[in-house]
Structure formats: structure tokens, C-alpha cells
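In: Structure for the following, please:
(chains A and B)
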Amino acid sequence: AQSVTQLGSHVSVSEGALVLLRCNYSSSVPPYLFWYVQYPNQGLQLLLKYTTGATLVKGINGFEAEFKKSETSFHLTKPSAHMSDAAEYFCAVTPVNSGGYQKVTFGTGTKLQVIP
Amino acid sequence: NAGVTQTPKFQVLKTGQSMTLQCAQDMNHEYMSWYRQDPGMGLRLIHYSVGAGITDQGEVPNGYNVSRSTTEDFPLRLLSAAPSQTSVYFCASSYRGSSYNSPLHFGNGTRLTVT
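Out: Numbers count the residues shown, from 1 in each chain, chains lettered A, B, ... in the order given. All right, here's what the predicted structure looks like:
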């Protein structure tokens, strides 16, 4: 069974500082990988996804993530935090062979606080 | 383009009452699903559907019922509400495709409190 671990339920950074949110997956075969963002009182929206090909994936709002198979990781980064980045971020995985349905497993989420 | 629409936004129930959470999407997506979000637990799948007339259980299906008579609509029924069902509920849809890597599109959620 696949699982997703997000280290740190809360992360605080200063405005302009590097954002690093960690995600590790556990499955025998590398899955499809996603990052979603949730702003207060809203649903989740896709930031970026990795399926195949280039391991460095660029998403919206200046975020990017790198798939590292050897480390089973898919960490999310942004070079310079903005106040508007304050939100909760979820890592999610889908096995490549879902058996007919896209079985998405979510991590427990990381709340990002940006300090002015 | 409305995307995924959930109603109501807020609901308070007494223990034992029943209700239906509505979900509609206008993107002609084959897949639809219901998740509940609880603090520190991420999102957990309740029920899902791969097309009209086809539904199946997810990770936490007990106490919930679903049906899918059309592509657009996927209501979630609480049969007899319990305080443990206090949560935020999200409906999501996605395109099926052939590789199962289409992103989920979420509604804005229904915040349910059971007293």
C-alpha cells in the first residue's frame, strides 16, 4: 500500500526567504506525485504534478518540486516566500497502476506561515 | 465555467438526523469522489464513482451513502448523523484518461457540525 509522509505540520518562514516543504512517499513502484494548495475556506487546487520525464517540475506561483527516486522524495520549494503563499499544502500520490480508478493518497498537510 | 459546486456551505445537525450534501460538476468528468478533512489527518476518501451508475467505497465509508444517476451529480447522504461525522467534506472530480494521473478538481467544501 502506498503512503505519504509530510514532515512538519507547521512551517514558518520570513517573507523573501526560501520555502521548503518536505514530502516522502512509500511504494514499491514510483507513483504519480502531486502538490495541492488549500487557501482558507477553499478547496484544494493543483500546484504541480510529476508523471514522467523531467524530474524538476515547475508549478504555479513560482513553486517547483524535484522528484528524487533514490530518496523517495518530492519536496516543494520556492526561492522567495510571499505573504500570499500562506496556506496549507498537501502532497498526494497515485499509483501508476490504479486498477481502473485513480486512488489518490494524501499526506496530512503542512501549514505555511509567512512572517512579514 | 463553475467547476465543482457544493451545497450547502455550512450545516448543523443533531445526532440521528439525516441529510444530503450536494455536488455537481460541469466539466464532464468521469470520476467523482467525496473526501472528509479532519485536522492532522489530511483528506480521507469516503466514496467514489468512475461513471454514472457505478460507485464504490473508499477508506471511511461507514455512515455514508452515495449514488450517481448522472455524470454531473454525486450526492453524499448521511443516514443517521453522529458527532464523529463533524468534519469538512469535499467533493472532487477528475478526467479519467488512460494514465490515471489527471489532477483532482475540488469544490469549496461543506462544513458540517453534528451536536
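In: contacts and neighbour counts: CA atoms only from here.
Out: Fine.
In: Leaving out chain neighbours, which residue sits closest to residue 110?
Out: All of this refers to chain A. A:Ser9 (4.4 Å; C-alpha to C-alpha, 6 or more residues apart in numbering or on different chains).
In: try again with chain B
Out: Nearest one to B:Thr110, counting by C-alpha to C-alpha, 6+ apart, is B:Lys9 at 4.5 Å.
In: returning to what we had before: OK, contacts around the residue nearest to A:Thr110?
Out: A:Ser9 makes contacts with A:Thr108, A:Gly109, A:Thr110, A:Lys111, B:Gly40, as judged by C-alpha atoms under 8 Å, 6 or more residues apart in numbering or on different chains.
In: Can you report how many residues lie near the residue nearest to B:Thr110?
Out: 15 (other C-alpha atoms under 10 Å in any protein chain shown).
In: and it, backbone torsions?
Out: The phi/psi pair for B:Lys9 (degrees, to the nearest 10) reads phi -80, psi -40.
In: correct me, but it touches B:Gly107?
Out: No - counting by C-alpha atoms under 8 Å, B:Gly107 is not a contact partner of B:Lys9; they are 10.1 Å apart.
In: secondary structure class for the single nearest residue of chain A relative to chain B?
Out: Chain B sits closest to A:Thr108 of chain A, with a gap of 3.8 Å, by C-alpha to the nearest C-alpha. Counting by DSSP: H, G, I helix; E, B strand; the rest coil, the backbone at A:Thr108 sits in coil.
In: gap between the closest residue to it other than its chain neighbours and A:Asp85?
Out: Leaving aside its chain neighbours, A:Thr108 sits nearest to B:Gly42 (3.8 Å; criterion: C-alpha to C-alpha, 6+ apart). In this view, B:Gly42 and A:Asp85 are 19 Å apart by C-alpha to C-alpha, to the nearest Å.
In: Name the nearest residue to A:Glu66, sequence neighbours excluded.
Out: Closest to A:Glu66 by C-alpha to C-alpha, 6+ apart is A:Leu56, at 4.4 Å.
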